[in-house]
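Peer 1: Compute the structure for the input listed below.
(3 chains)
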Amino acid sequence: MIGHFVGMGFAEKLVLKAIDENGEGDPDSILNLILTFSTLEESPPQQLSTNSDPCSSGNNENFLNDLSDMDSWSEDELEDRLKGNDGYKSEKHKMLLSLAASGSLSERERKLLDLADMGYALEDAELALERWPEAPVDDLIEIIGAAQMAREEDCYLPEDDLKPKHILSGGSKSKKRKHFEMKKNVIEETIRLPNPMIGFGVPSMQPPERVHRSLPLEARGPPYFYYENVALTPKGVWDTISRFLYDIEPEFVDSKFFSACARKRGYIHNLPIENRFPLVPLPPFTIQQAFPLSRRWWPSWDPRDKMNCIQTAIASAKLTERIRTALERSGEGDPPEAIQRYVMEQCRKWNLVWVGRNKVAPLEPDEVEMLLGFPKNHTRGGGISRTDRYKSLGNSFQVDTVAYHLSVLKDMFPHGVNVLSLFSGIGGAEVALHRLGIKLKNVVSIEKSKANRDIVRSWWEQTNQTGSLIDFDDVTSFDAARVEQIIGTIGNFDLVVGGSPCNNLAGSNRVSRDGLEGKESSLFYDYFRILDLVKLYRQ
DNA sequence: CGTACGATGATAAGAAGT
DNA sequence: ACTTCTTATCATCGTACG
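Peer 2: Numbers count the residues shown, from 1 in each chain, chains lettered A, B, ... in the order given. As a prediction, the model looks like this:
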């Protein structure tokens, strides 16, 4: 087992430590431990304070607990290691050094290296450079220093009831932690969502200021990868995800810029972002275009022109009935403002459309298919229940959005692609590639639900694919041997695509919104693990 | 299949302070 | 006029139980 993990590129010391702590039983938890340790090892001190906020509860705490549990490193030893001035250097730092040796360093990389040599965290340096690309190194040092001080103050402030009097005397009753910001020059301590949420650009709007990005060498394709999850997660989740996926900045996009329904999602990928093109035909862009028949019943006081995010459950009949009777009681003409507010609140919450006088209703499954960019009846029949159709659709990609991002592959792979699709669901990525006219050579699809696998299989056969579709049901048991065997059979993967479970991250979950360490959402680590294996066994 | 079940975080607007 | 703090509004790839 030691050989197995060392073969994956981990230091033997880390492997031994992880096995020691975990026991020899479960390879997956051992891997998780190793990953935790190696993440820590690669984190200079500044990065620790950037990403692991000791004030917040949640997954980041685990990293810190692990830190304090590490009895084999004395505190001094640990401090020395993390300080970065006794020979320890991060991978990225080493990479910059080797670039410098070969004389091929850009202006930006030169500054980064200078800062790294002085012991600053590369992440902080990059953040500062991001905002002030033109700033000389001296200024950057000031910026980073100021940001660190602000953060430390922020981080180590005790809870309100323990706060020193002079802070409480400000009259602040808020339980919220004070958010320190430098005047005007804000350095974000966590990933922030763009407003408008258009990522690196959408077809229907002016592109944002910055349209170029450079990826770290170890992140560059092939293989290309595309990862997706909900944008509005508990705090720190996207920081963790990004840290595992080569520190690539997530692209947050709302599908309301592609279709008639909103869908706020974050995407991390290493695809080029130039020369994207949208799917044709373009989908309906407003509620009115998508549901022309509803126009007749749409009251003037309902201002919506986009549906909200499509979820996995729909409104009850009781609710639509309550709305109907409330409206009928108020007679002809516009209802009182209080009724309007109630109806609008429910319509937004449950994504209702007008289907008759005073009548609202949830979307039909085929309407959801259309809004999400799937062919009509994609999920229909084959033994799937109506409820399960809603569930599968609610868990899927918005095809037009994903296709826009994947469109750059068309010119790069004129002869087609081999795709590894994790958490495939009803095949959003496959449908997107197919509709883009990108030939699918072989698709390896891993999906837990049999009903979903059947849907993809049936779509595959109906669309006259020439390649082969291979499916598996469990990501956790998709191990190195299997990756090696499949690559040996069908050749390298060109694209690894998938969105890991969101149910422990999503806002609508009342019961188990446990964050990235939740039962299902922690399967993200398997996405990372398998992506790593695909790179490792690349021929 | 129907019907219960809140919490978190982003954002904007307003209030209060400088 | 500008900053900082407070309050209100809104959206949200869901789960459990019968």
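Peer 1: contacts, neighbours, all on C-alpha from now
Peer 2: Will do.
Peer 1: what ranges do the strands span in chain A?
Peer 2: A:224-230, A:251-254, A:264-269, A:352-356, A:359-362, A:417-422, A:440-446, A:468-472, A:495-499 (DSSP state E).
Peer 1: Tell me which residues touch the residue nearest to residue A:373 when sequence neighbours are not counted, please.
Peer 2: Distances taken as C-alpha to C-alpha, 6 or more residues apart in numbering place residue A:399 nearest to residue A:373, at 4.9 Å, with adjacent residues excluded. Contact analysis of residue A:399 by C-alpha atoms under 8 Å, 6 or more residues apart in numbering lists A:372, A:373, A:374, A:428, A:429, A:431, A:432.
Peer 1: Do you know the pLDDT at residue A:399?
Peer 2: pLDDT, residue A:399: 96.
Peer 1: if I look at it, how far off is residue A:416?
Peer 2: 19 Å (C-alpha to C-alpha, to the nearest Å).
Peer 1: Around DNA strand C, pick out the residues from the stretch 301-450 of chain A.
Peer 2: By C-alpha under 7 Å from any atom of the strand, the part of the stretch 301-450 of chain A that sits against DNA strand C consists of A:308-313, A:345, A:348-349, A:391, A:394-397.
Peer 1: rerun that using 10 Å as the cut-off
Peer 2: A:303-304, A:306-315, A:341-342, A:344-351, A:387, A:390-398, A:423-425 (C-alpha under 10 Å from any atom of the strand).
Peer 1: What subset of these is buried?
Peer 2: When these are checked for burial by 16 or more other C-alpha atoms under 10 Å, the buried set is A:304, A:306-311, A:314-315, A:344, A:346-347, A:350-351, A:390-398, A:423-425.
Peer 1: Among those residues, which ones are in helices?
Peer 2: Among those, the members found in helices (DSSP state H) are A:344, A:346, A:347, A:350, A:390, A:391, A:392, A:393, A:394.
Peer 1: Go back to these and keep what's next to DNA strand B.
Peer 2: A:350, A:390, A:391.
Peer 1: Pick out whichever of these sits closest to DNA strand C.
Peer 2: When these are ranked by distance to DNA strand C (C-alpha to the nearest atom of the strand), residue A:391 comes first, at 6.1 Å.
Peer 1: And the residue nearest to residue A:373, how close does it get to DNA strand C?
Peer 2: 11 Å (C-alpha to the nearest atom of the strand, to the nearest Å).
Peer 1: gap between that residue and residue A:327?
Peer 2: 36 Å.
Peer 1: if we can go back for a sec, need the strands of chain A in a markdown table with mean neighbour count, can you?
Peer 2: Below are those laid out as a markdown table (neighbours: other C-alpha atoms under 10 Å):
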| stretch | mean neighbour count |
| --- | --- |
| strand A:224-230 | 22 |
| strand A:251-254 | 24 |
| strand A:264-269 | 23 |
| strand A:352-356 | 19 |
| strand A:359-362 | 20 |
| strand A:417-422 | 25 |
| strand A:440-446 | 21 |
| strand A:468-472 | 16 |
| strand A:495-499 | 24 |
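Peer 1: lowest-pLDDT helix or strand in chain A?
Peer 2: helix A:165-168 (a mean of 26; mean pLDDT, DSSP states H and E).
Peer 1: separation between residue A:290 and residue A:368?
Peer 2: On the measure of C-alpha to C-alpha, residue A:290 and residue A:368 end up 11 Å apart.
Peer 1: so can I have JSON lines of the strands of chain A showing mean pLDDT and distance to residue A:323?
Peer 2: Formatted as JSON lines, these follow (pLDDT from 0 to 100; distance: least, C-alpha to C-alpha, whole Å):
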{"stretch": "strand A:224-230", "mean pLDDT": "96", "distance to residue A:323": "30"}
{"stretch": "strand A:251-254", "mean pLDDT": "95", "distance to residue A:323": "29"}
{"stretch": "strand A:264-269", "mean pLDDT": "96", "distance to residue A:323": "28"}
{"stretch": "strand A:352-356", "mean pLDDT": "94", "distance to residue A:323": "11"}
{"stretch": "strand A:359-362", "mean pLDDT": "94", "distance to residue A:323": "8"}
{"stretch": "strand A:417-422", "mean pLDDT": "97", "distance to residue A:323": "41"}
{"stretch": "strand A:440-446", "mean pLDDT": "96", "distance to residue A:323": "42"}
{"stretch": "strand A:468-472", "mean pLDDT": "94", "distance to residue A:323": "45"}
{"stretch": "strand A:495-499", "mean pLDDT": "96", "distance to residue A:323": "36"}
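Peer 1: For these, give me JSON lines that also has distance to residue A:486.
Peer 2: Below are those laid out as JSON lines (distance: least, C-alpha to C-alpha, whole Å):
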{"stretch": "strand A:224-230", "distance to residue A:486": "17"}
{"stretch": "strand A:251-254", "distance to residue A:486": "31"}
{"stretch": "strand A:264-269", "distance to residue A:486": "23"}
{"stretch": "strand A:352-356", "distance to residue A:486": "45"}
{"stretch": "strand A:359-362", "distance to residue A:486": "43"}
{"stretch": "strand A:417-422", "distance to residue A:486": "10"}
{"stretch": "strand A:440-446", "distance to residue A:486": "9"}
{"stretch": "strand A:468-472", "distance to residue A:486": "10"}
{"stretch": "strand A:495-499", "distance to residue A:486": "14"}
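Peer 1: Could I get these in a markdown table, plus columns for distance to DNA strand B?
Peer 2: Converted to a markdown table, the strands of chain A look like this (distance: least, C-alpha to the nearest atom of the strand, whole Å):
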| stretch | distance to DNA strand B |
| --- | --- |
| strand A:224-230 | 12 |
| strand A:251-254 | 10 |
| strand A:264-269 | 11 |
| strand A:352-356 | 14 |
| strand A:359-362 | 11 |
| strand A:417-422 | 26 |
| strand A:440-446 | 24 |
| strand A:468-472 | 25 |
| strand A:495-499 | 20 |
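Peer 1: Next up, the contacts around the closest residue to residue A:498 other than its chain neighbours.
Peer 2: Spatial nearest neighbour of residue A:498, excluding adjacent residues (C-alpha to C-alpha, 6+ apart): residue A:422 at 4.7 Å. Residue A:422 sits next to A:445, A:446, A:447, A:475, A:496, A:497, A:498, A:499, A:500, A:527 when contact means C-alpha under 8 Å, 6+ apart.
Peer 1: List the contacts of the third one.
Peer 2: Read that as residue A:447. So residue A:447 contacts A:422, A:423, A:424, A:425, A:453, A:471, A:472, A:473, A:474, A:475 (C-alpha under 8 Å, 6+ apart).
Peer 1: Could I get the pLDDT score of the third one?
Peer 2: In this model, residue A:424 is scored at 95, pLDDT.
Peer 1: does it really touch residue A:446, like I thought?
Peer 2: Yes. Using C-alpha atoms under 8 Å, residue A:424 is in contact with residue A:446, at 6.1 Å.
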